[in-house]
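Asks: Okay, predicted coordinates and the sequence, questions at the end:
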Amino acid sequence: MNAHRPDLSDAQEILAAQPFSVYLGARLVAFGDGAAVLELDVRDELRQQNGFVHGGVLSYAADNALTFAAGTVAGAGLLTAGYSIDYLRPAQGRTLRAHATVVRPGRARVACRCDLFMLDQDGAQTLCAIAQGTIAVA
């Protein structure tokens with residue numbers, strides 16, 4: 001595994017270097033100890049025709065949160081090897097929160113899971129999707 005393990009500030013710089021993440025307004029609010037939390041505020045451009053947050057936005061959040069969680073144990077230089085996502089209910093709310101944790105660290109792959117929540121204006125959260133994936137260590 002990589003010798004340098006980034007801290008929250010390092011991870012936020014990595015996120016800020018991703019043009020798509022900047023476009024979506026994603027922010028990394030927690031990073032360390034085998035977990036990462038990514039959030040983004042929902043705006044109309046991120047919704048599908050029925051007013052729910054588009055599944056692609058949830059998928060993006062899961063993908064990035066999984067990889068950042070892996071980075072807490074494996075350092076920088078990671079790539080998503082694959083992941084699956086299950087949508088449990090339509091995503092409605094103000095803020096999307098993706099909370100990812102490491103399930104099993106490894107030298108070549110890190111297995112992670114992610115719970116995706118929608119937060120309402122009072123901060124109450126509703127689980128709307130779950131994902132699991134493997135992250136390749138470069």
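Replies: Ah, there it is.
Asks: Can you tell me, leaving aside adjacent residues, what's nearest to Gly136?
Replies: That one is not Gly; residue 136 is Ala. Once flanking residues are discounted, Ala136 sits nearest to Ala81: 4.3 Å by C-beta to C-beta, 6 or more residues apart in numbering. (Glycine included, C-beta is placed from N, CA and C.)
Asks: For the host helix or strand of that neighbour, what does the pLDDT average out to?
Replies: Assigned by DSSP states H and E, Ala81 belongs to strand 78-87. The average pLDDT within strand 78-87 is 97.
Asks: tell me which strands and helices that strand is in contact with?
Replies: Where contact means 3 or more C-beta pairs under 8 Å, 6 or more residues apart in numbering; DSSP states H and E, strand 78-87 is packed against helix 55-74, strand 125-137.
Asks: one more time with 10 Å
Replies: helix 55-74, strand 109-119, strand 125-137 (3 or more C-beta pairs under 10 Å, 6 or more residues apart in numbering; DSSP states H and E).
Asks: Are there helices or strands packed against the shortest one, and which ones?
Replies: This means strand 109-119. Contacts defined by 3+ C-beta pairs under 10 Å, 6+ apart place strand 109-119 against strand 35-41, helix 55-74, strand 78-87, strand 95-104, strand 125-137.
Asks: for these, which one sits closest to Asp7?
Replies: helix 55-74 (9.3 Å; C-beta to C-beta).
Asks: So what's the gap between the closest one and the chain middle?
Replies: Helix 55-74 sits 3 Å away from the centroid of its parent chain (C-alpha atoms, centre = their mean, to the nearest Å).
Asks: and if you look at stretch 104-121?
Replies: 7 Å.
Asks: Likewise for stretch 16-30?
Replies: For stretch 16-30 - counting by C-alpha atoms, centre = their mean - the centre lies 10 Å from the chain centre.
Asks: can you check stretch 65-83 too?
Replies: Relative to its chain's centre, stretch 65-83 lies at 10 Å (C-alpha atoms, centre = their mean).
Asks: What are the buried residues along the strand holding Ala81?
Replies: For strand 78-87, the buried set under the neighbour-count rule, 16 or more other C-beta atoms under 10 Å, comprises Leu78, Thr80, Ala81, Tyr83, Ile85.
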